[in-house]
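Peer 1: from the sequence below, what's the structure:
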Amino acid sequence: MYISTNSRMRPCFGVQTQQLISRVFSHPGRWSAAQRRLSSTPGDEKPRPSMLRHLTSRIKATGPITVAEYMREALTNPVTGYYVTNDMLGPDGDFITSPEISQIFGELLGVWIVSEWIGAGRPERLQLVELGPGKGSLASDVLRVFSQLQSVVGGASLSLHLVEVSPVLSRLQAHKLTGTQSREADAEDEPVYRRGETAAGLPVSWYRRLEDVPTGFSIFLAHEFFDALPIHKFQRTQRGWREVMVDVDPEKTDQLRFVVAPSPTLASSTLVQADERRPHVEVCAEGGVLVQQLARRIEADGGAALIADYGHDGTKTDTFRGFKDHRLHDVLSSPGAADLTADVDFSFLRRVAGEGVACLGPVTQRTFLKNMGIDSRMQVLLRSCSDASTRQQLIDSYDVLTNAAKMGERFLFFGLLHRGRLATPPQPDGPKLEIRKKRPAPPPVAGFTELSFS
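Peer 2: Numbering: from 1, shown residues only. This is a model prediction of the structure:
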């Protein structure tokens, strides 16, 4: 029987990072601005009865399922999953992301990557790994930065690795990044299911799982990736923590409802912290596993990870929601036809990352982009732009990215770094009576440190 529920550090950047940013944004002619439609009129509802039938049949046969199971089926079912069968990004999709709004976002992240590569000592090999790369816009903008900074990064062996489960999106990414220069693997179970190369000859590989990406010095990007991973939901009751489940509504058998498990589940017994004070908690166990994988790779091979997403630092409770046609959508209605998401709990990611890596943030997107110099670059662009329409588009996109009421404070940036990146360089040995100079500080981390141009 289930019970129904109604449910800053302030030091300035090193000179090298300032020079990187200046070089990338010193040519306004490279910038293009396109009119972005941030909302759309919802069309007729197109439910996917096959997904609903699948879920109701399963629940009637085996009992209520966890919210994590529901999300996994609705989003990534190989036949009718939302991410498997839809092109959901952009003005004509269900939501729009920062890289689709303005290329300045992706190019600033590209500068961050180059800065961290330099801070790590310019390793000979650099793997750029993006988790959930959307339409490939972010990767494309990042690669543009690398082409503009060829004299800086030209000595590195660079490769692009994309972790993507959606066949639809992987084809869009391939077209944007490689044109016709990609091909699918002969066998479906190949770890690398697509290979290609950009017009500049840079190799690009596609994987379904992070663990299939080769080891080596890597910088990982995850933009609006963790918020779509399955979550478990827990409710505090008089009898302790209980897991929120998804069940068939007994009065409307073609509809789903939330219920509370009458007794502890394995998840409620293991995933909720003993000192938790919130009345309702969402835990993304799959996200925790991925962060631990990233942490182990960074600790072993060097590199960094930058995670940007809707999120909080252990303060929010019920954030599970759906999006369709750029509008909020009932999470239990039309499964498989709408995006499902939950805010990322960065306090949980920090906790599970462990002591082997250094964690930075989270800081708001507004803070991160301003620390990266977005204000100075916008001034350069606006001074160089005479077309009134293009100027307005630049201003509008800047507002969406940085306005606290829009994306500016709803998105957070969180970093994982190799501990050696923040270590103070060793002081050279010398005679005991020698007056030694003060040890140099490690280079500050772009984005998480306030940028100051000299």
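Peer 1: for the helix or strand harbouring residue 288, packing partners?
Peer 2: Here residue 288, judged by DSSP states H and E, is contained in helix 285-301. Packing partners of helix 285-301 (3 or more CB pairs under 8 Å, 6 or more residues apart in numbering; DSSP states H and E): strand 218-223, strand 303-312, helix 346-353, strand 357-364, strand 411-418. Quick note: C-beta positions are derived from backbone N, CA and C, even for glycine.
Peer 1: so how many other residues sit close to residue 353?
Peer 2: Residue 353 has 22 neighbours, counted by other CB atoms under 10 Å.
Peer 1: and what of the one 4 residues further on?
Peer 2: The local packing of residue 357 (other CB under 10 Å) involves 25 other residues.
Peer 1: and it, what are its bridge partners?
Peer 2: Beta bridges link residue 357 to residue 418, judged by DSSP bridges.
Peer 1: of the helices and strands packed on helix 285-301, which is nearest residue 197?
Peer 2: Closest approach to residue 197 among those is made by strand 218-223 (18.7 Å; CB to CB).
Peer 1: quick one: average pLDDT of the closest one?
Peer 2: Taken as a whole, strand 218-223 has a mean pLDDT of 98.
Peer 1: one more: stretch 161-168?
Peer 2: Stretch 161-168 carries an average pLDDT of 93.
Peer 1: and if you look at stretch 135-151?
Peer 2: For stretch 135-151, the per-residue pLDDT averages 94.
Peer 1: how about that stretch, which residues are buried there?
Peer 2: Neighbour counts over stretch 135-151 (16 or more other CB atoms under 10 Å) mark 135-146, 148-149 as buried.
Peer 1: need those residues in TSV with secondary structure and distance to residue 218, can you?
Peer 2: Putting the buried residues of stretch 135-151 into TSV (DSSP: H, G, I helix; E, B strand; the rest coil; distance: CB to CB, whole Å) gives the following:
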residue	secondary structure	distance to residue 218
135	coil	22
136	coil	18
137	helix	21
138	helix	16
139	helix	14
140	helix	19
141	helix	19
142	helix	14
143	helix	16
144	helix	20
145	helix	17
146	helix	15
148	helix	22
149	coil	19
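Peer 1: returning to that earlier point: between the helices and strands packed on helix 285-301, which one is closest to residue 239.
Peer 2: helix 346-353 (24.1 Å).
Peer 1: dump the closest one to CSV, keeping only the CA atoms.
Peer 2: Provided in CSV are the C-alpha atoms of helix 346-353 (Å, rounded to 0.1, in the frame of the first residue of the first chain):
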residue,chain,number,x,y,z
PHE,A,346,26.5,21.0,-6.0
SER,A,347,27.0,20.3,-2.3
PHE,A,348,26.4,16.6,-3.1
LEU,A,349,28.9,16.7,-6.1
ARG,A,350,31.5,18.4,-3.9
ARG,A,351,31.1,15.7,-1.2
VAL,A,352,31.3,12.7,-3.5
ALA,A,353,34.3,14.2,-5.5
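Peer 1: from residue 248, how far off is the nearest residue to residue 237 once chain neighbours are set aside?
Peer 2: Once flanking residues are discounted, residue 237 sits nearest to residue 260: 7.0 Å by CB to CB, 6 or more residues apart in numbering. As judged by CB to CB, to the nearest Å, residue 260 and residue 248 stand 15 Å apart.
Peer 1: nearest to residue 244, out of the helices and strands packed on helix 285-301?
Peer 2: Closest among the helices and strands packed on helix 285-301, using CB to CB: helix 346-353, at 17.2 Å.
Peer 1: quick one: contacts of the closest one?
Peer 2: 226, 283-284, 287-288, 291-292, 294-295, 307, 311-314, 359, 361-362, 412, 414, 416 (CB atoms under 8 Å, 6 or more residues apart in numbering).
Peer 1: shouldn't the residue nearest to residue 237 be in contact with residue 246?
Peer 2: No: if you go by CB atoms under 8 Å, residue 260 and residue 246 don't touch, sitting 11.3 Å apart.
Peer 1: about what we covered before: mind putting the helices and strands packed on helix 285-301 in CSV, distance to residue 444 included?
Peer 2: Shown next, in CSV, are the helices and strands packed on helix 285-301 (distance: least, CB to CB, whole Å):
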stretch, distance to residue 444
strand 218-223, 17
strand 303-312, 14
helix 346-353, 20
strand 357-364, 11
strand 411-418, 12
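Peer 1: could I get the full set of strands for the stretch 51-200 of the chain?
Peer 2: Using DSSP state E, counting those that start in this stretch, the strands of the stretch 51-200 of the chain run over 65-66, 125-131, 157-163, 182-184, 192-197.
Peer 1: do you know which of those strands lies nearest residue 399?
Peer 2: strand 125-131 (26.0 Å).
Peer 1: to residue 242, which of the strands of the stretch 51-200 of the chain lies closest?
Peer 2: Nearest to residue 242, of the strands of the stretch 51-200 of the chain and by CB to CB, is strand 65-66 at 11.9 Å.
Peer 1: give me the contact list for that closest one.
Peer 2: 55, 58-59, 232, 243, 245-246, 265, 267.
Peer 1: and if we set it to 6 Å?
Peer 2: Here strand 65-66 makes contact (CB atoms under 6 Å, 6 or more residues apart in numbering) with 232, 246.
Peer 1: what's the spacing between it and its chain's center?
Peer 2: Taking the mean of its C-alpha atoms, strand 65-66 sits 25 Å from the chain's own mean (CA atoms, centre = their mean, to the nearest Å).
Peer 1: ok, residue 318 to residue 258 distance?
Peer 2: Using CB to CB, residue 318 is found at 10 Å from residue 258.
Peer 1: likewise residue 337?
Peer 2: Distance from residue 337 to residue 258, by CB to CB: 19 Å.
Peer 1: distance of residue 248 from residue 122?
Peer 2: 58 Å.
Peer 1: what do you get for residue 57?
Peer 2: With CB to CB as the criterion, residue 57 and residue 122 are 56 Å apart.
Peer 1: next, the contact list for the one residue sitting closest to the centre of the chain, please.
Peer 2: When CA atoms, centre = their mean is applied to the chain, the residue found nearest the centroid is residue 223 (2.2 Å). The contact partners of residue 223, taken as CB under 6 Å, 6+ apart, are 138, 308.
Peer 1: could you do the one 3 residues further on as well?
Peer 2: Going by CB under 6 Å, 6+ apart, residue 226 touches 287, 309, 344.
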